[in-house]
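Sharing a model prediction with you, sequence too.
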Amino acid sequence: LFGLIGLTLGALGIFGVLAYAVNQRRQEIGVRVALGASPRAVLRLVVGQGMALALAGVVAGIAGAALLARWMQSVLYDIQASDPLTFAQVSIVLLGAALLASWLPARRALAIDPVTALRYD
């Protein structure tokens, strides 16, 4: 239950940061679309930013968990603290949640009208 809550909070955090970034970069995205950027390029821009943020968090988390593995062994049941399969599974789940959380602001970025974004002050 606590893991699910943590995953949800992480996904909501990434969603919030990217939604704010898309809102702040509305004019830039509008210019890109006006100059002929494909929807795929806009999606790749926003989703790539979210995945880079998530990947940095996963790398920092794995490094921290590897450093604290010795102390965590006493609270784990039926699993080794440095189990690479567990690290891989957790990383995949976290990156999947980040992909979903960054997809929604990316779809909203596609809906930006270039004319409205260029007039926006």
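Perfect, thanks for sending it.

burial of Gly64, as a residue count?
By other Cβ atoms under 10 Å, 10 other residues sit near Gly64. For glycine as for every other residue, the C-beta is placed from the backbone atoms N, C-alpha and C.

Okay, it and Ala97: tell me how far apart.
19 Å (Cβ to Cβ, to the nearest Å).

do the same with Arg119
36 Å.

now swap in Arg44 and tell me
Distance of Arg44 to Ala97, given as Cβ to Cβ: 19 Å.

So these two - more neighbours on which side?
Ala97 (18 against 14).

in the protein, which helix has the most residues?
helix 39-72 (DSSP state H).

Check which helices and strands that helix sits against.
In terms of contacts (3 or more Cβ pairs under 8 Å, 6 or more residues apart in numbering; DSSP states H and E), helix 39-72 is packed against helix 2-24, helix 26-34, helix 84-110.

For Ala54, which of those helices is the nearest?
helix 84-110 (3.3 Å; Cβ to Cβ).

Check which element follows the closest one along the chain.
Per DSSP states H and E, the first helix or strand lying C-terminal to helix 84-110 is helix 114-119.

Give the closest residue to Ile79 in space, chain neighbours not counted.
Once flanking residues are discounted, Ile79 sits nearest to Thr86: 6.4 Å by Cβ to Cβ, 6 or more residues apart in numbering.

Just give me the neighbour total for the one you found.
For Thr86, the count of nearby residues is 14 (other Cβ under 10 Å).

Look at it and report its pLDDT.
Listed pLDDT for Thr86 reads 82.

And the one 3 residues further on, by the same measure?
Here, the pLDDT recorded for Gln89 equals 90.

Around it, how many other residues sit close by?
Neighbour count for Gln89, taken as other Cβ under 10 Å: 11.

Can you check the pLDDT for Leu9?
89.

Number the chain from 19, please
Right, with 19 as the first residue, what we last looked at is Leu27.

the residue most distant from the middle of this structure, which is it?
Ranked by distance from the centre of the chain (Cα atoms, centre = their mean), the top residue is Ser92, with 31.6 Å.
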